[in-house]
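Trainee: with the input below, show me the fold.
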Amino acid sequence: QPEQIIIRPLAAPAQVKQRHWGLLFSFLVMMVLPLGTATWYLYTKAADQYASVLGFTVRSEDVSSASDLLGGLGASLGGSTSRDADILYEFVLSSDIVSKIDAQLDLNSQYSIHHANDPLLSYDPAGTIEDLTAFWRRMVRVSYDAGSGLMELRVLAFRPEDAQAIASAILEESTTTINDLSAIAREDATRYAQQDLDFAFDRVKSTREALTTFRLANEIVDPNADIQAKMGLLNTLQAQQAEALIEFDLISDTARESDPRLDLARRRIDVIDARITEERQKFGAGGRGAGGENYATTIADFERLTIEREFAELGYATALSTLDAAKAEANRQSRYLAAYIKPTLAQKSEFPQRLIILGVIGLFAFLIWAILSLVYYSLRDRR
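Mentor: The predicted structure follows:
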C-alpha cells in the first residue's frame, strides 16, 4: 500500500501586527523626525556662512655674513621656524588672539547678528570670553603641516567682508607675534654679551681709577721713567767716581801727603760714594719713594695695577667684539611671516554644508534605529 503523504495546511497570509506598527513608529520618531527637523532648521533658520581662506608659513632669512669668516658665533638664535609655527598654531586658537581681534572688529556683534533666528549655529551675545573662544574655534579651522611648516586657515563669518576682515586681522596679529618672537630671540642672543661688556667696562673703569689713585698717592706718573732717571743719576755718579779715583791716583803719584789737593780729592770721592750708596738704597728694601712708601713695593704695586688694567682692557675689547658679532648674527637671522594665500573674499555661501550635515544626521539616526530594533528582536526571540 503506498505511503500516505500528509500535506499541512497553507500558512495564513501575513498580517501587520502591533510590533510592526511599533517598528514603523520608532522609525518615524528616530529617523524621519530628526532628519525632517534638521532639514527644516537648516533650510529655513540656519544663516549662510561665508569662508575666507588664508595661508602662510614662518620663514627664516639666514644669510652668511663677514662674522662667519672671522669666527662669528656659529650658533643660531635658539629655536627654529618649526617651533615658531607650533607656537603660532596654538596662538591662532587661543583666547589671546580672540580678545585682540574682538577689540578691533567686535566679534561679539558679528557672530551674534543672526542669533534671534539661528540660535544653534550663531553666537549668544551674552556669552563670556570662554564661550567666544569656543565659538571662534568652530568658525576658524586651522590646517597645519608640521613637516613643511605650512598653515592654512578657513575663517567663517555671516558676511563675506567680515570673514575677510577677520582673516586679515589674524594675519596681522600673527605677524606681530612672529616679530615679537624674533625680537625676543635677538634680545636673548645679545643679552649675555651685553652683560659681559658692561662687566668688562666697569672693570676697566675701576682699574684705571685705582691706577690714578696710586699715581696721586705716590706723586709719580710712571715709575719706569722715574727708575730710568734714577739709574741715569747713578750712572753719572759712578762715572764721576771713576774720574775722582783717577784724579786721586794722579795727584798721589806726584804730591806729598800734606798736599791739600789729596785731602780735597779724598773728600770728593767720599761724597760721591755716599751719594751712590744713598741712591742704591732707594732701590733696596729700605728705600722710600716720593710718597714715603717702600720703593720696591711701590714699583710692584704699579706693575700689578698696570697688568690688571691691560688685562681689563683686553677683556673689554673681547667683550665688545663678541657683542658686535652677536648683534650681526641676530640681525641676519630674522624670522618673518610669509603669506602664500592672501585673505580671500567669498562670492557665495558654502557653509553650513547642509547636505553633508543631513547625511551625517540621517546615517547616525538610521544606525541608532537599526541597532535598537535588532536588540529588541533579539530579546524577543530569546523569550
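Trainee: can you classify A46 by secondary structure?
Mentor: When classified by DSSP: H, G, I helix; E, B strand; the rest coil, A46 comes out as coil.
Trainee: how near is it to L132?
Mentor: 20 Å (CB to CB, to the nearest Å). The C-beta positions use only the backbone N, C-alpha and C, and glycine is treated the same way.
Trainee: gap between L54 and R208?
Mentor: 59 Å.
Trainee: who has more neighbours out of the two?
Mentor: A side-by-side neighbour count of L54 and R208, using other CB atoms under 10 Å, places L54 first with 26 against 15.
Trainee: run through who's touching the one helix or strand L156 maps to.
Mentor: Following DSSP states H and E, one finds L156 within strand 150-157. Strand 150-157 is contacted by residues 49-57, 85, 88-89, 92, 110-111, 138-145, 163, 166-167, 170, 340-341, 343, 351 when judged by CB atoms under 8 Å, 6 or more residues apart in numbering.
Trainee: restricted to buried residues, select the residues you listed in ChimeraX.
Mentor: Applying 16 or more other CB atoms under 10 Å to the contacts of strand 150-157 leaves a buried subset, and the ChimeraX line that selects it is:
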select :49,50,51,52,53,54,55,56,57,85,88,89,92,110,111,139,140,142,144,163,166,167,170,343,351
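Trainee: from the contacts of strand 150-157, which land in helices?
Mentor: Members of the contacts of strand 150-157 lying in helices (criterion: DSSP state H): A85, L88, Y89, V92, Q110, Y111, R138, M139, A163, I166, A167, I170.
Trainee: possible to save these as JSON lines with pLDDT and distance to E243?
Mentor: Output for the ones in helices among the contacts of strand 150-157, formatted as JSON lines (pLDDT from 0 to 100; distance: CB to CB, whole Å):
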{"residue": "A85", "pLDDT": "84", "distance to E243": "91"}
{"residue": "L88", "pLDDT": "89", "distance to E243": "92"}
{"residue": "Y89", "pLDDT": "89", "distance to E243": "96"}
{"residue": "V92", "pLDDT": "92", "distance to E243": "98"}
{"residue": "Q110", "pLDDT": "92", "distance to E243": "110"}
{"residue": "Y111", "pLDDT": "92", "distance to E243": "111"}
{"residue": "R138", "pLDDT": "92", "distance to E243": "111"}
{"residue": "M139", "pLDDT": "93", "distance to E243": "109"}
{"residue": "A163", "pLDDT": "94", "distance to E243": "109"}
{"residue": "I166", "pLDDT": "95", "distance to E243": "105"}
{"residue": "A167", "pLDDT": "94", "distance to E243": "103"}
{"residue": "I170", "pLDDT": "94", "distance to E243": "99"}
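Trainee: columns distance to L24 on top of those residues, output as JSON lines?
Mentor: Listed next are those as JSON lines, based on distance: CB to CB, whole Å:
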{"residue": "A85", "distance to L24": "55"}
{"residue": "L88", "distance to L24": "55"}
{"residue": "Y89", "distance to L24": "50"}
{"residue": "V92", "distance to L24": "49"}
{"residue": "Q110", "distance to L24": "46"}
{"residue": "Y111", "distance to L24": "42"}
{"residue": "R138", "distance to L24": "37"}
{"residue": "M139", "distance to L24": "40"}
{"residue": "A163", "distance to L24": "45"}
{"residue": "I166", "distance to L24": "48"}
{"residue": "A167", "distance to L24": "49"}
{"residue": "I170", "distance to L24": "51"}
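Trainee: show me where this protein has helices.
Mentor: 18-27, 33-44, 66-69, 81-92, 95-105, 107-111, 129-139, 160-218, 223-254, 260-281, 295-332, 354-382.
Trainee: so of the ones you listed, which one's packed in deepest?
Mentor: helix 107-111 (a mean of 19; mean count of other CB atoms under 10 Å).
Trainee: so what does that one touch, helix or strand wise?
Mentor: helix 95-105, helix 129-139, helix 160-218 (3 or more CB pairs under 8 Å, 6 or more residues apart in numbering; DSSP states H and E).
Trainee: got any ranges where the stretch 1-150 of the chain has weak pLDDT?
Mentor: Low-confidence segments of the stretch 1-150 of the chain (pLDDT under 70): 1-4, 6-17, 61-82.
Trainee: rerun at 90
Mentor: Where the stretch 1-150 of the chain drops to pLDDT under 90, the residues are 1-27, 57-89, 115-118, 125-127, 144-150.
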